[in-house]
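Student: the following block contains a protein sequence and its predicted model.
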Amino acid sequence: MPKTLRPRPTARAVKRTPARGGTKSSSERVAEIFRRFAKANPEPKGELEYANPFTLLVAVVLSAQATDAGVNKATEPLFKVADTPQKMLELGEEGLRERIKTIGLYRNKAKNVIGLSRALIAEHRGEVPRQREALEALPGVGRKTANVVLNTAFGEPTLAVDTHVFRVAHRLGLASGKTPLEVETGLLKVIPERYLQHAHHWLILHGRYVCQARRPRCDACVVCDLCTARDKWFDCGPPKVAAQRKALS
Ligand code: SF4
């Protein structure tokens with residue numbers, strides 16, 4: 001008799017359901033989720049290429065509504081000639097536009113990068129500030145970009161909520177807000193402090209490669225049995241650290 005294959009869950013099939021770790025309290029469940037992320041990927045890294053805080057800031061500004069791979073393709077040659085605010089200004093808006101025209105919204109982004117380079121020289125001696133308010137005052141820099149720079153360049157325990165983090169936070173029952181700020185606030189409340197430094201990258205990578213929007217790969221998910229969104233019939237089995245590592249590699 002042919003073996004019946006279970007279909008993989010689709011986004012429609014993924015419903016909220018109590019996590020199987022029924023004996024765990026909510027805080028134990030959250031801690032266990034991040035303990036497993038840490039075990040599967042102890043030193044998670046973002047995928048944008050950069051050489052210093054300035055190039056990181058520029059890469060993040062360019063990455064809005066664009067893929068990291070697409071941004072990296074344009075910034076690799078760009079950062080060879082313009083890796084400081086001064087050099088970026090010398091390149092000029094037109095020169096920058098020419099180098100980033102493969103990235104969506106490049107005209108507006110070129111304007112912002114030149115504007116923020118000018119502001120960094122005028123107000124911060126050419127350095128990227130470490131204060132949220134100062135970062136958010138720069139052209140093209142919002143809360144999400146500031147959070148990424150504070151976390152990645154300066155090691156602050158901030159959490160940027162993009163589409164992946166937003167989705168994963170809801171599916172895993174970590175936060176229930178309707179806006180990125182509400183989700184960020186909710187996540188900061190429940191994630192144990194020792195995991196906050198890397199939480200941003202774990203959640204993004206999990207959303208990008210495992211808990212994908214249309215076709216979550218619950219079969220390769222290291223926190224499947226702790227998830228509140230998986231389909232009821234899905235058999236999670238034991239934690240799949242190896243499968244998760246493979247999915248992230
Ligand atoms: S991939 Fe994991 S976190 Fe995402 S819905 Fe499936 S079991 Fe939940």
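Tutor: Arrived safely. Numbers count the residues shown, from 1 in each chain.
Student: show me the strands in this structure, by range?
Tutor: Taking DSSP state E, the chain contains no strands at all.
Student: how far away is the residue nearest the centre of it from the ligand?
Tutor: Central residue of the chain (C-alpha atoms, centre = their mean): I204, 3.7 Å from the mean position. In this structure, I204 and the ligand are 13 Å apart, going by C-beta to the nearest ligand atom, to the nearest Å. For glycine as for every other residue, the C-beta is placed from the backbone atoms N, C-alpha and C.
Student: again with L105
Tutor: 30 Å.
Student: pretty sure that residue is touching Q65, no?
Tutor: Yes. Between L105 and Q65 there is a contact under C-beta atoms under 8 Å: 6.4 Å.
Student: could you check the pLDDT of the residue nearest to the centre of the chain?
Tutor: Looking at I204, its pLDDT reads 96.
Student: who's in contact with the residue lying closest to T75 once chain neighbours are set aside?
Tutor: Nearest non-adjacent residue to T75, counting by C-beta to C-beta, 6 or more residues apart in numbering: A59, 5.5 Å away. The neighbourhood of A59, defined by C-beta atoms under 8 Å, 6 or more residues apart in numbering, consists of 48-50, 71-72, 75.
Student: and A59, what pLDDT?
Tutor: Confidence per residue is given as pLDDT, and for A59 that number is 98.
Student: repeat that for R214.
Tutor: The predicted local confidence for R214 is 89.
Student: cool, the one 5 residues further on as well?
Tutor: The pLDDT attached to D219 in the predicted structure is 86.
Student: how far away is T145 from the ligand?
Tutor: Counting by C-beta to the nearest ligand atom, the gap from T145 to the ligand is 26 Å.
Student: and what of S27?
Tutor: With the distance defined as C-beta to the nearest ligand atom, S27 ends up 18 Å from the ligand.
Student: and that residue, how many neighbours?
Tutor: When neighbours are defined as other C-beta atoms under 10 Å, S27 has 10 of them.
Student: ok, and the closest non-adjacent residue to it?
Tutor: For S27, the closest residue by C-beta to C-beta, 6+ apart turns out to be V190, at 7.3 Å.
Student: counting neighbours, what do you get for the one you found?
Tutor: Neighbourhood size, V190 [other C-beta under 10 Å]: 17.
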